[in-house]
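A.B. asks: Using only what follows, build the 3D model:
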Amino acid sequence: MQRDVEISAEELLTRRKVAHAHNQEHTIRDADTLADQELYILGKMDLQEYEAYLLFKHTPRK
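C.D. replies: Model prediction:
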């Protein structure tokens, strides 16, 4: 299943700026994390989906 990406160039730029500021504040440079952020930045996930994805990805399994 593929989602149509319908965010404006302005929204994309805003998301990229917010992510960049967050990464600088928290010294985030990990390539895997930066790649994950692109899912939200590019509109492939909304913020709630992105948060759920990160929770699933980083929750230890039994």
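
A.B. asks: contacts, neighbours, all on C-alpha from now
C.D. replies: OK.

A.B. asks: Can you say which helix or strand has the most centrally placed residue in the chain in it?
C.D. replies: Centroid-nearest residue in the chain, with C-alpha atoms, centre = their mean: residue 37, separated by 2.6 Å. Using DSSP states H and E, residue 37 maps to helix 31-41.

A.B. asks: Repeat that for residue 50.
C.D. replies: Using DSSP H and E, the element containing residue 50 is helix 47-58.

A.B. asks: contact partners of that helix?
C.D. replies: Helix 47-58 is contacted from outside by 39, 40, using C-alpha atoms under 8 Å, 6 or more residues apart in numbering.

A.B. asks: Recalculate using a threshold of 7 Å.
C.D. replies: residue 40 (C-alpha atoms under 7 Å, 6 or more residues apart in numbering).

A.B. asks: buried set for that helix?
C.D. replies: Across helix 47-58, burial judged by 16 or more other C-alpha atoms under 10 Å covers residue 50.

A.B. asks: Relative to the whole chain's centre, how far out is stretch 30-41?
C.D. replies: Relative to its parent chain, stretch 30-41 has a centroid offset of 5 Å by C-alpha atoms, centre = their mean, to the nearest Å.

A.B. asks: quick one: average confidence on that stretch?
C.D. replies: Stretch 30-41 comes out with an average pLDDT of 94.
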